[in-house]
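S.K.: with the sequence up front, the predicted model follows.
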Amino acid sequence: MKKVVVLLLSVLLLAACQSAVSDFSEVKKVPADVQDIIQKQELLGKQDTLYMVNQGDGTAYLVFRASGEVSSSVDSDNDTSTIRLNTKADGSDMKIHVFQFKQNEEGGTIIIEVNGKQVPLDNVFLI
């Protein structure tokens, strides 16, 4: 009986410590509804550097405008996830990078850093 209680408590503790972000990766083929948002932003002349498109089903896209190469990583600590984007500016034209991730249903905190500095989102869209 003691083993069952310890196992149950361990499972509950692990469930409570889920990260806010999972399955983070750059996408090469952007879904049509997300691409529509990006195109509308371009047509409106918006120069937002960083924005999120949230599909409402737990899937979200982080849209990042930068020149040069972009590397990314995610670190999680309990219910806080830090998305790190690092750029190597090479003087080339600005390019749009799109990253897809899953958000934890229970919520959590997402922190975004660009080149080591915490930055806010310029915009958030819900589709």
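M.R.: Perfect, thanks for sending it.

S.K.: quick check: Ile127 touching Ile37?
M.R.: Yes: with contact defined as C-beta atoms under 8 Å, Ile127 counts as touching Ile37 (6.8 Å). In this view, the C-beta of every residue, glycine as well, is placed from N, C-alpha and C.

S.K.: between these two, which one's more packed in?
M.R.: More neighbours surround Ile37 than the other of Ile127 and Ile37, with 18 against 12 (other C-beta atoms under 10 Å).

S.K.: just confirm the more buried one contacts Phe125, I think it does.
M.R.: Yes: assessed by C-beta under 8 Å, Ile37 is found in contact with Phe125 at 5.3 Å.

S.K.: which SSE is Asp36 in?
M.R.: Following DSSP states H and E, one finds Asp36 within helix 32-43.

S.K.: show me what contacts Val63?
M.R.: 34, 37-38, 48, 50-53, 96-98 (C-beta atoms under 8 Å, 6 or more residues apart in numbering).

S.K.: just to revisit the earlier point, okay, buried residues for the helix holding Asp36 please.
M.R.: 34, 37-38, 41 (16 or more other C-beta atoms under 10 Å).
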